[in-house]
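Chemist: need coordinates for the below:
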Amino acid sequence: MITEANLFRVLPETLPGVWQGVFELISPVLEMDGERWDEETLYASIVQGLAQLWVVIDNGYAKMAFVTEFTTYPLKTVCNLWILAGHDLKEVMTLTPTIGQWAVENGADSLQAVCRPGIAKMFKAKGFETIREVIEKKLKH
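Modeler: Below you'll find the model as predicted:
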């Protein structure tokens, strides 16, 4: 069972020691993410503090990982929750209050998730609402 005690935010200075094991979890999600991020750009973003890596540890191993980042708009700040990866993703929903509180403490007005439709259903059960859809068309260069 996942609890707050299993959840750890990986600080930039500790990232090198855990990255390889965590990247094994998140690399399949990056591949599905439409070529927005790769290992190098995500790593750099976390080290620079632009994104935050969270890991759920179970029996000494990374069971789940996700990334947050803040986006500041003219009228509000949003904490984006994305790159959800690992095993038993339904269990991560128990952590949304904890992540939400951390986001508020860091200036966020809302928490949003960028995710696949199946995971969106799990978020909706925790009070998230669909506010827009994101669609994409690749352009040829």
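Chemist: from here on, just use CA atoms for contacts and neighbour counts.
Modeler: OK.
Chemist: pick out the residue closest to the middle of the protein.
Modeler: Val67 (2.8 Å; C-alpha atoms, centre = their mean).
Chemist: that residue pairs with what?
Modeler: Assessed by DSSP bridges, Val67 has beta-bridge partners Leu53, Trp82.
Chemist: so how far is the helix or strand of the chain with the lowest mean pLDDT off the chain centroid?
Modeler: Least confident helix or strand, the chain: helix 89-92 with a mean of 74, by mean pLDDT, DSSP states H and E. How far helix 89-92 lies from its chain's middle: 12 Å, per C-alpha atoms, centre = their mean, to the nearest Å.
Chemist: count of neighbours near the residue nearest to Ser27 when sequence neighbours are not counted?
Modeler: Closest residue in space to Ser27, ignoring its immediate chain neighbours: Glu39 at 7.6 Å, by C-alpha to C-alpha, 6 or more residues apart in numbering. Neighbour count for Glu39, taken as other C-alpha atoms under 10 Å: 13.
Chemist: now do Glu39 against Val22, distance only.
Modeler: 11 Å (C-alpha to C-alpha, to the nearest Å).
Chemist: do the same with Cys79
Modeler: Cys79 is 21 Å from Val22, by C-alpha to C-alpha.
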